[in-house]
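Trainee: Okay, here's the prediction I keep looking at, along with the sequence it came from:
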Amino acid sequence: MPWSPELPYNDLPLLPPNRDLETVRVLKACVAARTAIAKLEGTAALMPNSVVLVRTLPLLEAQASVEIENIVTTHDQIFRRLAVEGSQDDPATKEALNYRHALLEGHVALRDLPLTTRVAEAICSRLRSIDSAVRRIPGTRLANPSTEEVIYTPPEVESHLRDLLANWEKFVNADDDLDPLVRLAVAHYQFEAIHPFTDGNGRTGRVINSLMLVDRGLLTQPILYLSRYILRRRPDYYRLLLGVTRDDNWEDWILFMLDGIRETADWTSAKIVEVLDLMAWATDLVKGQLPKIYSRELIETVFARPYSRISDLVEREIVHRQAAARYLKALVSVGLLEEQRSGRDLLFVNRRMLELLTEE
Ligand SMILES: Nc1ncnc2c1ncn2[C@@H]1O[C@H](COP(=O)(O)OP(=O)(O)OP(=O)(O)O)[C@@H](O)[C@H]1O
Ligand SMILES: [Mg+2]
């Protein structure tokens, strides 16, 4: 039966696609993307441990990924929320934090497990905050929200979905010589086409993208902020996914993803260099003006995230509680931090870093 948007696409072909994926254009784009990722990995290694990257970059990814679903939150809210426990969250901030949680938890899971359907279920459950398993009931479809026109109807019946996922899983973990970035692009299409869950498929798929880069050894940490690119190119993203289904147009889809990986890796490398420069500047400033309180750990702590609290210094055993406030206030006096009250909490904002992370 020919494909039709209103009918469940039960004939979704199994992986690998029955054609040559690595065309000359794809291979050229692959080289560029792989080079950018290698540079990112090298730049990330310059960052002192525990600082910024692992805690911060996934948050940018989280914010972008939930924004795709028209849930808008700001980086500032997310970062502030991280500093203040038990603060009232708006739903969008909660979503973004769930996304980050899912990403980091998935990263931990993959140290011991391969990327499987079960891991996908765990990721989806975490990011939706409700138990999510492979669909059992029919009725899931993708429609244009304003016109209600149906764009795509994914396959149906749980056993069929599980078979398709088993094939996806095998492809994701296969040990052949397909380029890992081409594999990522193909697997992402297939995951979205299977659409295993009633909701959260896009976000789960994007978490899996980040995890695949780590799983394939291209990055040590899940720091590639790819959802930013997808967000900004959402009409293309949707059009090209549909292009694979309707026209078997793998090449344009793969090129789109490779280009996104290259662009995002370059952007992220540049951000990391900027953060490193800012840290070097802050180090000179504090060494010069506050030599008595200077330590590398102190600088790293106020760069671990844009909002710091007194307890952050105490937890890292930089200074005991009585002196911690004095240290942070000294950093305010030299213009490194700003003091801000949030309810009963006193926050210290690293404004330059916040701006650097959130500006385009
Ligand atoms: N034509 C298509 N075929 C297959 N998948 C598609 C198509 N168009 C969009 N998608 C995918 O479906 C996702 C939306 O599905 P769903 O609502 O389950 O995910 P979500 O995570 O809740 O939403 P979002 O991705 O918008 O944040 C899109 O992000 C995209 O990945
Ligand atoms: Mg949704």
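Mentor: Yep, it's here. Ligands and ions are numbered 1, 2, ... in the order given.

Trainee: number of nearby residues for the residue of the stretch 101-250 of the chain found nearest ligand 1?
Mentor: Closest residue of the stretch 101-250 of the chain to ligand 1, CB to the nearest ligand atom: G202 (1.8 Å). (Each C-beta comes from the backbone N, C-alpha and C, glycine too.) Burial measure for G202: 24 neighbouring residues, criterion other CB atoms under 10 Å.

Trainee: wait, it sits on H195?
Mentor: No: when contacts are counted by CB atoms under 8 Å, G202 is not listed as touching H195 (9.3 Å).

Trainee: would you say the residue of the stretch 101-250 of the chain closest to ligand 1 is within a strand?
Mentor: No: membership of G202 in a strand is not supported by DSSP: H, G, I helix; E, B strand; the rest coil, which gives helix.

Trainee: Kindly report the residues of the stretch 151-300 of the chain close to ligand 1.
Mentor: For the stretch 151-300 of the chain, the contact set with ligand 1 under CB under 6 Å from any ligand atom comprises 151-152, 192-193, 199-203, 205, 238, 241-242, 245.

Trainee: PyMOL command to pick out the buried ones of those?
Mentor: To isolate in PyMOL the members of these that are buried, counting by 16 or more other CB atoms under 10 Å, one can use:
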select buried, resi 152+192+193+200+201+202+203+205+238+241+242+245
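
Trainee: Just send the residues of the stretch 151-300 of the chain next to ligand 1 back as a markdown table, with distance to P16 and secondary structure too.
Mentor: A markdown table is the format used below for those (distance: CB to CB, whole Å; DSSP: H, G, I helix; E, B strand; the rest coil):
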| residue | distance to P16 | secondary structure |
| --- | --- | --- |
| I151 | 25 | strand |
| Y152 | 21 | strand |
| E192 | 17 | helix |
| A193 | 14 | helix |
| D199 | 28 | coil |
| G200 | 26 | coil |
| N201 | 21 | helix |
| G202 | 23 | helix |
| R203 | 25 | helix |
| G205 | 18 | helix |
| Y238 | 23 | helix |
| L241 | 18 | helix |
| L242 | 20 | helix |
| T245 | 16 | helix |
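
Trainee: Sticking with the spatially most central residue of the chain, tell me its helix or strand.
Mentor: Closest to where the C-alpha atoms of the chain average out (CA atoms, centre = their mean) is E61, at 3.6 Å. Using DSSP states H and E, E61 falls within helix 53-68.

Trainee: list the buried ones in that helix?
Mentor: Those would be 53-54, 56-68, for helix 53-68 by 16+ other CB under 10 Å.

Trainee: gap between I37 and ligand 1?
Mentor: The spacing between I37 and ligand 1, counted by CB to the nearest ligand atom, to the nearest Å, is 22 Å.

Trainee: Now do the contacts for the closest residue in space to L57 that isn't next to it in sequence.
Mentor: Once flanking residues are discounted, L57 sits nearest to I223: 4.3 Å by CB to CB, 6 or more residues apart in numbering. Shown in contact with I223 (CB atoms under 8 Å, 6 or more residues apart in numbering): L40, A44, L53, V54, L57, P58, T268.

Trainee: Output the residues you listed as CSV; include the columns pLDDT.
Mentor: Listed next are the contacts of I223 as CSV, based on pLDDT from 0 to 100:
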residue, pLDDT
L40, 96
A44, 93
L53, 74
V54, 70
L57, 77
P58, 75
T268, 91
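
Trainee: Tell me the one of those residues nearest E360?
Mentor: T268 (12.9 Å; CB to CB).

Trainee: Run a quick neighbour tally on the closest one.
Mentor: Close neighbours of T268, defined as other CB under 10 Å, add up to 26.

Trainee: my guess is it meets K39, correct?
Mentor: No: assessed by CB under 8 Å, T268 is found out of contact with K39, at 9.6 Å.

Trainee: Using just helix, strand and coil, how would you label the residue lying farthest from the centre of the chain?
Mentor: Using CA atoms, centre = their mean, the residue of the chain lying farthest from its centre is K292. It sits 39.1 Å away. Counting by three-state DSSP, the backbone at K292 sits in coil.

Trainee: buried residues in the helix or strand harbouring A29?
Mentor: Using DSSP H and E, A29 maps to helix 24-44. Judged by neighbour count using 16+ other CB under 10 Å, the buried positions of helix 24-44 are V26, A29, C30, A32, A33, R34, A36, I37, L40, E41, T43, A44.

Trainee: got the contact list for the first one?
Mentor: Residues touching V26, when contacts are defined by CB under 8 Å, 6+ apart, comprise V182, E251, I254, L255, L258.

Trainee: State the pLDDT value of the last one.
Mentor: You'll see L258 listed with a pLDDT of 98.

Trainee: Check the first one too.
Mentor: pLDDT recorded at V182 is 98.

Trainee: do the third one as well
Mentor: We have a pLDDT of 98 for I254.
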